[in-house]
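Colleague: just to be clear, the model below is a prediction. Sequence and coordinates:
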Amino acid sequence: MSKFLFLSSCCRAILQSNPVFGHYQYIGKKFTSKSIFQARQYVQVSSSAVVSESTKKPSTASSQVRSVPLRESSLEETRQSWREFLQSIVNSPEGVGYLAGASLRVGFFTMMSLLALRIVDDMNQLRNSRKRSISPELGRLIVNMLKECLVACRQDYDNIRRGYYKLPAFPTRRWSSILPSTFNYLLDLRMVQSRRLGNRYKELPQQLDGDYPDYYKRNFHYQTDGYLSDYSAKLYEYQVEVLFNGVADTMRRQALVPLFEYVQTHSIKQMKLLHVACGTGGILSDLVENYPQLRIVNLDLSPYYLREARKRHDSYRNAYLRFVCGKAEKLDFGDNSFDVLLNIYLFHELPPDIREKAATEFFRVLKPGGMLIFVDSIQENDRSDLNRLLQMFPQLYHEPYYPSYIKMDLKKLFESVGFQYSNRYISWVTKVCVFYKPFQKVSHDVGQT
């Protein structure tokens with residue numbers, strides 16, 4: 001009965017939060033009893049790239065939230081970007097297909113992100129409060145987020161047109177499970193919010209299937225069971241897409257650009273790729289669809305996430321896929337075993353000493369001339385307009401090692417174990433760094449990023 005009542009409130013919140021058919025409502029002054037100030041800072045920081053300093057007004061504790069129109073220039077800038085994007089793709093069926101799929105994904109997950117905020121507001125017993133229009137901070141955040149999503153999609157489509165990788169099969173890929181995933185995600189919000197309020201990050205299954213390091217035994221993002229259950233594995237990709245407004249896959253695909261360049265000078269039939277911290281295989285579908293002959297070994301510390309990754313990719317019968325449970329800092333492979341090593345969204349969840357061990361292991365298992373494709377969060381000063389947002393992120397989510405990560409000199413770290421730096425590029429909040437293992441060890445002064 002409680003689940004039925006909760007889902008009824010979700011349906012009401014959908015109608016109240018729908019960005020197309022209804023008016024937005026402000027999420028409430030008390031987003032959480034302990035983190036509303038952080039949440040408001042999060043919103044203000046994220047919108048700082050849109051609002052000039054001259055338009056900001058000082059706020060006080062007694063000031064009231066009022067409905068004010070968004071800056072017309074910001075809205076016009078967004079509309080102009082969309083018009084330019086449309087003009088570049090409407091002349092081809094492939095472009096129209098991409099636009100339809102990307103719009104559906106971004107629209108759906110943006111709505112789910114707003115819905116999550118509304119439900120959290122309801123859970124804090126603010127149902128009887130008077131309805132308020134959208135706050136100027138939240139409005140600017142929405143506009144800015146959509147602009148960032150647009151830039152990421154344009155970058156993605158440009159890569160497709162240049163032949164770096166194929167048009168992905170979205171929105172059909174994995175969307176057969178969208179309704180049950182949405183149902184489970186909404187129900188799980190209650191538990192996630194309860195942990196955030198109590199700062200409880202040690203609520204893991206009592207009987208763990210395996211011996212895990214202490215840094216791993218926690219509820220990252222306050223998500224249920226951390227990374228250590230089948231339930232968590234089924235929800236993970238959905239949660240990530242909500243967090244990134246539907247462009248998580250889009251940002252991950254940037255890793256395929258250096259891989260394409262590497263493949264041009266190497267035999268794909270002889271190539272082996274090690275995917276460290278593969279999770280539930282977020283990028284694996286793109287890898288297999290673009291390189292069906294590539295031998296891919298997927299490694300992760302969670303057997304539950306590996307099981308989900310294997311299940312999601314059972315349909316790729318002709319692909320060489322292997323799934324191995326293990327640690328990034330202690331790879332169970334021989335020296336010089338792989339041509340390419342791909343690592344996505346791992347280092348920001350590792351303690352500094354473990355990062356050094358993992359970098360050493362990456363160098364050891366790569367063949368001379370092999371390539372490391374490193375993908376993770378941007379760091380301080382990669383985008384100066386987002387610096388304060390990066391500092392706020394670990395306070396809103398349980399990410400204890402993130403503050404040290406955003407200050408770490410990655411170039412210095414990987415060069416200290418023997419790698420040679422090649423290139424880097426950024427897609428919204430994601431950074432791709434490319435390193436090579438030299439054929440002969442050379443001495444050099446470690447540079448700064």
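Modeller: Now that the structure is in, tell me what you want to look at. Predicted model, so just to flag it, every value in this text is computed and none were measured. Numbering: from 1, shown residues only.

Colleague: contact partners for H266?
Modeller: Shown in contact with H266 (Cβ atoms under 8 Å, 6 or more residues apart in numbering): D339. Where you see a C-beta, it was placed from the backbone N, CA and C, and this is true even at glycine.

Colleague: and it, which of the three is it?
Modeller: Under DSSP: H, G, I helix; E, B strand; the rest coil, H266 falls in the coil class.

Colleague: for D339, see how far away it is.
Modeller: Distance of H266 to D339, computed by Cβ to Cβ, to the nearest Å: 7 Å.

Colleague: cool, and L86?
Modeller: 40 Å.

Colleague: next one: L294
Modeller: From L294 to D339 the distance is 9 Å (Cβ to Cβ).

Colleague: helix or strand for E361, which one?
Modeller: helix 352-365 (DSSP states H and E).

Colleague: what mean pLDDT does that helix have?
Modeller: Mean pLDDT, helix 352-365: 98.

Colleague: cool, stretch 120-136 as well?
Modeller: The average of the pLDDT scores along stretch 120-136 is 56.

Colleague: ok, stretch 273-285 next?
Modeller: pLDDT averaged over stretch 273-285 gives 96.

Colleague: off-centre distance for that stretch?
Modeller: 14 Å (Cα atoms, centre = their mean, to the nearest Å).

Colleague: more neighbours: which of L86 and D339?
Modeller: Neighbours per residue (other Cβ atoms under 10 Å) separate L86 from D339, with D339 holding more: 23 against 12.

Colleague: and the gap between that one and F374?
Modeller: Taken as Cβ to Cβ, the span from D339 to F374 is 16 Å.

Colleague: do the same with Y305
Modeller: 20 Å.

Colleague: tell me the helix or strand right after whichever strand or helix holds E76.
Modeller: If you go by DSSP H and E, E76 is part of helix 72-89. Toward the C-terminus, helix 72-89 is succeeded by helix 93-123 as the next helix or strand (DSSP H and E).

Colleague: buried ones in that next one?
Modeller: For helix 93-123, burial by neighbour count (16 or more other Cβ atoms under 10 Å) applies to 95, 98-99, 101-102, 105-123.

Colleague: rewinding a little: what's the helix holding E361 in contact with?
Modeller: With Cβ under 8 Å, 6+ apart, helix 352-365 has contacts from 213, 215, 274, 276, 328-331, 333-338, 341, 343, 346-347, 350, 372, 401, 404-405, 408, 413-414, 416-419, 437.

Colleague: what bits of the protein have low per-residue confidence?
Modeller: 1-75, 78, 81-82, 121-135, 137-138, 170-176, 441-449 (pLDDT under 70).

Colleague: on the three-state scheme, L372 is what?
Modeller: Per three-state DSSP, L372 ends up strand.

Colleague: count the neighbours of the residue nearest to it when sequence neighbours are not counted for me.
Modeller: The shortest distance from L372 to any non-neighbouring residue, by Cβ to Cβ, 6 or more residues apart in numbering, is to F435 (4.3 Å). Look at F435: counted by other Cβ under 10 Å, it has 27 neighbours.

Colleague: do the same with A233
Modeller: 24.

Colleague: any idea which helix or strand carries it?
Modeller: Here A233 is assigned to helix 230-243, by DSSP H and E.

Colleague: quick check: buried residues in that helix?
Modeller: S232, A233, K234, L235, Y236, E237, Y238, Q239, V240, E241, V242.

Colleague: CA-only coordinates of that helix in CSV, if you can.
Modeller: What follows is helix 230-243, C-alpha atoms only, in CSV (Å, rounded to 0.1, in the frame of the first residue of the first chain):
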residue,chain,number,x,y,z
ASP,A,230,22.4,-7.3,-8.6
TYR,A,231,19.8,-4.7,-7.6
SER,A,232,22.4,-1.9,-7.8
ALA,A,233,23.7,-3.2,-11.1
LYS,A,234,20.3,-3.0,-12.7
LEU,A,235,19.8,0.6,-11.6
TYR,A,236,23.3,2.0,-12.2
GLU,A,237,23.1,3.0,-15.9
TYR,A,238,19.7,4.6,-15.4
GLN,A,239,21.0,6.6,-12.4
VAL,A,240,24.0,7.8,-14.4
GLU,A,241,21.9,9.0,-17.3
VAL,A,242,19.6,10.9,-14.9
LEU,A,243,22.7,12.6,-13.4
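
Colleague: that one vs helix 93-123, what angle?
Modeller: 110 degrees (axes from the mean of the first three to the mean of the last three Cα atoms, to 10 degrees).
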